[in-house]
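[1] the sequence isn't on hand, but the structure is:
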C-alpha cells in the first residue's frame, strides 16, 4: 500500500526538500503540499491521506492547531510534527494533541522517513527524542497542567478577547469555549478573568506583554 502524505510548511526550501525525500521512497507519495494554514486546510479537504507532516509556526497560524483539527476530523490520521523548536513546551503540546511523532528539522532524513512510516501504521503511538525527560520535568513542576486547548483559550483571554472572539478564532462553539474557561479558572484557582490573568502571570504561563484589555 502506498502511504499518501501531505506536507505543510511555510519555508519553501524545507517543504520541497521534505517532499523530494518522501517521494524518493517507493512506498510513500506526496499527494499535496501547502505553505500556510489556510492553504493547508484546502489541501487536506481535497485529498485522501494517511500522514500529515506539518511545521509548528507559520505566518497565518499554528500548525499544531491545524493538526488538532485534522486529528478530530480523522482519528486514524498519522501526524508528524516537524519543527526547529527543541523545547519541552512544543514536544508536550504535540503529545497532548495526539500527534504520532515530533521530529526536529535538523534530524537525519532517515529519521523523518521512519517517523512517516510509523505514523501511518501506529498514529496513536507518540515518538520523540527526549520524551521521557520532558515528561519527568513536567511531572515535577508545580504549575497547573492545562490541556493544549485550555492553554489556547487562556492565551486569548489574556489578550482580552471576548468569548465570541475566542470561539471564532479557535473554531469552537461559544458553549465549548465557556467550558474551557471554567476549567482554566478551576485549575488556576480563579473566579474571574482578572484573577485568572494574574494567576497565569504569577505562574509564568503567559508573559506580561501579552496582556490586553479584557472584554467580558
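    Yep, that arrived. Worth saying up front: this structure is predicted, and the values here are computed from it rather than measured.
[2] quick check on residue 57: phi, psi?
    With angles defined as degrees, to the nearest 10, residue 57 sits at phi -110, psi 120.
[3] that should have said residue 29, apologies.
    In terms of degrees, to the nearest 10, the main-chain angles of residue 29 are phi -150, psi 130.
[4] and the pLDDT for the closest residue to it other than its chain neighbours?
    Nearest residue to residue 29, sequence neighbours excluded (Cβ to Cβ, 6 or more residues apart in numbering): residue 2, at 5.2 Å. (Each C-beta comes from the backbone N, C-alpha and C, glycine too.) Predicted confidence (pLDDT) for residue 2: 94.
[5] tell me the contacts of residue 2?
    By Cβ atoms under 8 Å, 6 or more residues apart in numbering, the contact list for residue 2 reads 27-29.
[6] what's the average pLDDT for the longest helix along the chain?
    What stands out as the longest helix in the chain, according to DSSP state H, is helix 174-188. In this model, helix 174-188 carries a mean pLDDT of 92.
[7] following it, which helix or strand shows up next?
    helix 193-202 (DSSP states H and E).
[8] quick check, central residue of this protein?
    Central residue of the chain (Cα atoms, centre = their mean): residue 64, 1.8 Å from the mean position.
[9] can you tell me how far that residue is from residue 54?
    Residue 64 sits 8 Å away from residue 54, going by Cβ to Cβ, to the nearest Å.
[10] please apply the same query to residue 43.
    Noted for residue 43: a distance of 11 Å to residue 54, by Cβ to Cβ.
[11] cool, residue 122 as well?
    Separation of residue 122 from residue 54 (Cβ to Cβ): 18 Å.
[12] and residue 47, by the same measure?
    14 Å.
[13] the more surrounded of these two?
    Taking neighbours as other Cβ atoms under 10 Å, residue 47 and residue 54 compare with residue 54 leading, 26 against 13.
[14] after the least confident helix or strand in the chain by mean pLDDT, next one along is what?
    Lowest by mean pLDDT, DSSP states H and E among the helices and strands of the chain is helix 131-139, with a mean of 78. Proceeding N to C from helix 131-139, the next assigned helix or strand is helix 148-159, under DSSP H and E.
[15] now whichever helix or strand comes after that following helix: buried residues?
    Using DSSP H and E, the helix or strand that follows helix 148-159 towards the C-terminus is helix 163-170. Neighbour-count burial for helix 163-170 flags 163, 166-167, 169-170 (criterion: 16 or more other Cβ atoms under 10 Å).
[16] residue 10 contacts residue 56, correct?
    No: counting by Cβ atoms under 8 Å, residue 56 is not a contact partner of residue 10; they are 10.5 Å apart.
[17] name the helix or strand for the residue sitting furthest away from the middle of the chain, please.
    Ranked by distance from the centre of the chain (Cα atoms, centre = their mean), the top residue is residue 26, with 29.0 Å. Under the criterion of DSSP H and E, residue 26 resides outside all helices and strands.
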